[in-house]
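>>> Task: produce atomic coordinates for the following.
(chains A and B)
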2 protein chains.
Amino acid sequence: MDEREGQIDLGAQELAHAPLVATRVIPVEPPSLRDNTALAERLARAVSRDLGLTQVHVPLSVAGGLSDLGFGANDRFQVAVSKGTDTGRIVSVAPPGDRAAGYGLAVDVGSTTLVLALVDLERPCVIDRFSLTNPQMAHGADILTRAHFAERPGGLETLTRELREAINRGLAVICERQALEPGQLVAGAVAGNTAMTHFLLGLSLRTLIREPYIPVVNRPEGLTAGRLGLNLAPEAPVLVMPNKGAYLGGDLMAGVVVSGMARSDGLGLLVDVGTNAEVVLGQRDWLVGAAGAAGPALEGGVVRMGMIAGPGAIDRVRIDRETKTIKYRTIEDRPPKGICGSGLIDLFAEMFLSGLLDFQGKLTIPPGHPRRLETDDGPAFIVVTGAETENGEPILLSEIEVDLLTRSKAGMYTIISTVVQSVGLTVDQIDRFFVAGTFGQYIDPRMAVAVGMVPDLPLDRFVSLGNSSLQGAILTLISSDARSEVSEIWQKMTYLEMNVNQDLMNRFSAARFLPHTNRNRFPSVGTTIA
Amino acid sequence: MDEREGQIDLGAQELAHAPLVATRVIPVEPPSLRDNTALAERLARAVSRDLGLTQVHVPLSVAGGLSDLGFGANDRFQVAVSKGTDTGRIVSVAPPGDRAAGYGLAVDVGSTTLVLALVDLERPCVIDRFSLTNPQMAHGADILTRAHFAERPGGLETLTRELREAINRGLAVICERQALEPGQLVAGAVAGNTAMTHFLLGLSLRTLIREPYIPVVNRPEGLTAGRLGLNLAPEAPVLVMPNKGAYLGGDLMAGVVVSGMARSDGLGLLVDVGTNAEVVLGQRDWLVGAAGAAGPALEGGVVRMGMIAGPGAIDRVRIDRETKTIKYRTIEDRPPKGICGSGLIDLFAEMFLSGLLDFQGKLTIPPGHPRRLETDDGPAFIVVTGAETENGEPILLSEIEVDLLTRSKAGMYTIISTVVQSVGLTVDQIDRFFVAGTFGQYIDPRMAVAVGMVPDLPLDRFVSLGNSSLQGAILTLISSDARSEVSEIWQKMTYLEMNVNQDLMNRFSAARFLPHTNRNRFPSVGTTIA
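Model (predicted):
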């Protein structure tokens, strides 16, 4: 799906346009002594007729505003209706105005960043976007720290409130820019991992973080903005992408929808690299999902010089095969401060490909080499000398950190190969390899292959989905096909429990070499990368 | 229906027992690594199986409590489920306890008095009852004054809040007495007139009190205790008896259910004498409803010596036909302070029957008679001399007040005869004449006939329903037949608009004599009443 602002091409995905909430201007008969039908039932009757519904519900909060609407003076109203198969629920009603469109809000609830998109449900298109930091970061960068914070008295309430307030702040910014009132938004859709979804809903993570790792809710339903404390129209339905388990979250479900893999005959594999590696394998008829620890080191959050992708972060690294000369690029061309996730994978791969690391992840350059430094943590490679960095300190990558990276990539490869093997297939049968998430978007697949993190597939099989969590939420706002698909995906998907058995450990051990113990699995590695 | 505390005999009414919310102890599989289904879906699955439902919804507020319930340790839970045809909604869940029953609250929301009944939904029976004054009385005894108060800034919010708080206070008293927590109540049902229903729901009366007198809502649906600010379990469904118009309220619908007239082949007429006279005529196949001004003077709220039925109120009057000696009874045998509604109708009738009033409502005793007093408002009858009253002042009934009473009874008779005539029938075809409401309960039908307030039917056709508003609410709590019937009654009932035309005025004028211009319509009047 096109990630840019503007028109959304549903046709390319073969998804019909049918927004979650339909906005219509409809005629309503003025009250009279002859017909004393109440205002709410009068409105419901008009909507039933207009939309061909058998039953239309008027929620109390909508009914509360009816007597101020001038039913005698007006005979047409703009009504937003949340439609079921043959029933409807009125979300809002107003005298017909200039902007007769319906608006919706899609939110990617990331553990680090919240991304909001204002969607015109009727055209349909994305009108505006806004990102802000998840305020929960103040209570811990990782989910587990927040989950423990949530168990203090008032902790969960704080995390939930801060999250909802942040979304409302972002909504206010967008509305200000677009000269809208938040209450004019009549539909919402949210996608996030299982923990973030629980925080948003105000649900305890107690059972989620302890064996046997059980969410409170898999498929949150029947939610409204009012109930979630979001400043859209109070009766606006809010879809929350379902999760399949503690580590298979709504963000991944969104990715499956955006990838289209569940509508395809070809075999697709979707990977989301975050704190965990989440993997879905399948096609039209079946889906298998699994998750396991894999991500942190890869995301740049664990190595000492790792940093998020901001100004001064090294995001690209190339090392000359002969001279071992290092070329790097930083974001906004600032003096380097650290290395972000994609830069780290580049570095890791290039060091191996240029022979600076052996297949066990050990430095090949001897003590005393100008690029080698002995530190308290053992030998390290000098990626950038202090002369070039912002603060005068060199940027290093230690052997210990290489080992962390190796374990992470081995974890990822092990999960992928385990899932593929569980259904009796081999990795080369994967037709499309989808990489979900903002981090994944910047990884060069050639580099990921070089270190043996992902299978050695032809490059044209790799597809980066970008922020598929947000895109999936947007799709559910505007397409009933997408909404049905979420439900089908959820039902179709088998959760593969990653039992830590000897077989898995063997696979993991074999993957702890660069690129792998079995070089035959990575025939392309060693070929020149420009 | 039996009004006393205790068992409710649904069989006598041919209504099946099926409570609004079913309470069951059901087995729930403990979570495991093998089955990571979320707590909410796990519970929903267990309930679906146990109750044979295709879909069970777990509201967010119920889900929020699940992780504290000890799903690992317990494998049985007490679940309250609000059931639709083949779907359900979980109202509450708890570890199985001693009192495994489900409780509900029925409320008669009267404009003067609120009456609450605690109902055991399973047995079914009424466990306790409590009445309290409607706190809105402080803002005006009549609805119109309150409706105007509601239009001040914050006025409606105040009236709504006070009403809800009063119900919660009553609920707290009952729960204290019965050693229950309000949150253990899993279902609610409310009946009141249209205005009181609007106040309870927080809906404006603006369109209700102005031509063409349109309610905001006829059939409030999908309400929960949490939404209404009532302290039952937040997800407890609360049924609100529908209204058919501004003056045909939910209290009357409740009366129709309790009377059973909509299940009968015989012709029934239901009358509720309150601020207005509300009338429903019909039988199994059809119902006609109408309302009009008739009540205030009859209720004792308009005459100077009128009072509510409390200690010291004259509630019974007999006058010797020969000696004109007056015998009266007071509530609790206290010295008389005033006259309540039923006493007033007794007095009115007895004065006519003993010849103290002529057929035009004029005093027949001449000036100077010891029972006659000339006041600033004209001649008055001395009902009780000052020597006998509590405060030493005589209790009087003036000719002007007799005229008010006459207008009121004429209004009532006119509405009844108009409704009967509208369907081409005559009053003597009425098989059962139901009198709804607490006030009606104490009226002696012979007296009401004597003054021509109600048709001259054989006494055994009169049936007093007592507080049928409360009884109807109780029935909907415990019987799905009753719930269906409310819906059928609402759909079946035709609202007869009382156009003030010449024909109606003629009928009203003819009824402004005692008992009526046409004495043939009241053949029994004049016979001795003991």
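>>> Now stretch A:410-430 - C-alpha only, PDB.
Only the C-alpha atoms of stretch A:410-430 are listed here, as PDB (Å, rounded to 0.1, in the frame of the first residue of the first chain):
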ATOM      1  CA  ALA A 410      20.400 -16.700  14.900                       C
ATOM      2  CA  GLY A 411      17.100 -16.300  16.900                       C
ATOM      3  CA  MET A 412      15.400 -14.800  14.000                       C
ATOM      4  CA  TYR A 413      16.700 -17.400  11.500                       C
ATOM      5  CA  THR A 414      15.800 -20.200  13.900                       C
ATOM      6  CA  ILE A 415      12.200 -18.900  14.300                       C
ATOM      7  CA  ILE A 416      11.800 -18.600  10.500                       C
ATOM      8  CA  SER A 417      13.200 -22.000   9.800                       C
ATOM      9  CA  THR A 418      11.200 -23.600  12.600                       C
ATOM     10  CA  VAL A 419       8.000 -22.200  11.300                       C
ATOM     11  CA  VAL A 420       8.700 -23.200   7.800                       C
ATOM     12  CA  GLN A 421       9.800 -26.700   8.800                       C
ATOM     13  CA  SER A 422       6.700 -27.100  11.000                       C
ATOM     14  CA  VAL A 423       4.500 -27.200   7.900                       C
ATOM     15  CA  GLY A 424       6.900 -29.500   6.000                       C
ATOM     16  CA  LEU A 425       8.300 -26.800   3.600                       C
ATOM     17  CA  THR A 426      11.700 -25.400   3.000                       C
ATOM     18  CA  VAL A 427      12.700 -21.700   3.100                       C
ATOM     19  CA  ASP A 428      13.400 -21.600  -0.700                       C
ATOM     20  CA  GLN A 429       9.700 -22.200  -1.300                       C
ATOM     21  CA  ILE A 430       8.900 -18.700   0.100                       C
END
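>>> quick check: mean pLDDT across that stretch?
Taken as a whole, stretch A:410-430 has an average pLDDT of 93.
>>> who touches it?
Contacts to stretch A:410-430, defined as Cβ atoms under 8 Å, 6 or more residues apart in numbering or on different chains, come from residues A:267-269, A:271, A:273, A:277, A:279, A:281, A:286, A:288, A:290-295, A:298, A:452-455, A:457, A:461, A:496, A:498, A:504, A:507-508, A:511-512, A:516, A:521. All C-beta atoms are positioned from the backbone trio N, CA, C, and that covers glycine.
>>> could you flag which of those are buried?
Buried members of these, scored by 16 or more other Cβ atoms under 10 Å in any protein chain shown, are A:267-269, A:271, A:273, A:277, A:279, A:281, A:288, A:290-292, A:294-295, A:298, A:452-455, A:457, A:461, A:496, A:498, A:504, A:507-508, A:511-512, A:516, A:521.
>>> Would you map the helices across chain A?
A:39-51, A:60-63, A:143-150, A:155-178, A:194-201, A:225-228, A:250-259, A:341-353, A:399-422, A:438-442, A:445-450, A:468-478, A:480-492, A:502-510 (DSSP state H).
>>> Can I get the ones you listed in JSON lines including distance to residue B:194?
Formatted as JSON lines, the entries for the helices of chain A read as follows, by distance: least, Cβ to Cβ, whole Å:
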{"stretch": "helix A:39-51", "distance to residue B:194": "13"}
{"stretch": "helix A:60-63", "distance to residue B:194": "14"}
{"stretch": "helix A:143-150", "distance to residue B:194": "46"}
{"stretch": "helix A:155-178", "distance to residue B:194": "37"}
{"stretch": "helix A:194-201", "distance to residue B:194": "37"}
{"stretch": "helix A:225-228", "distance to residue B:194": "26"}
{"stretch": "helix A:250-259", "distance to residue B:194": "44"}
{"stretch": "helix A:341-353", "distance to residue B:194": "64"}
{"stretch": "helix A:399-422", "distance to residue B:194": "62"}
{"stretch": "helix A:438-442", "distance to residue B:194": "56"}
{"stretch": "helix A:445-450", "distance to residue B:194": "68"}
{"stretch": "helix A:468-478", "distance to residue B:194": "39"}
{"stretch": "helix A:480-492", "distance to residue B:194": "39"}
{"stretch": "helix A:502-510", "distance to residue B:194": "68"}
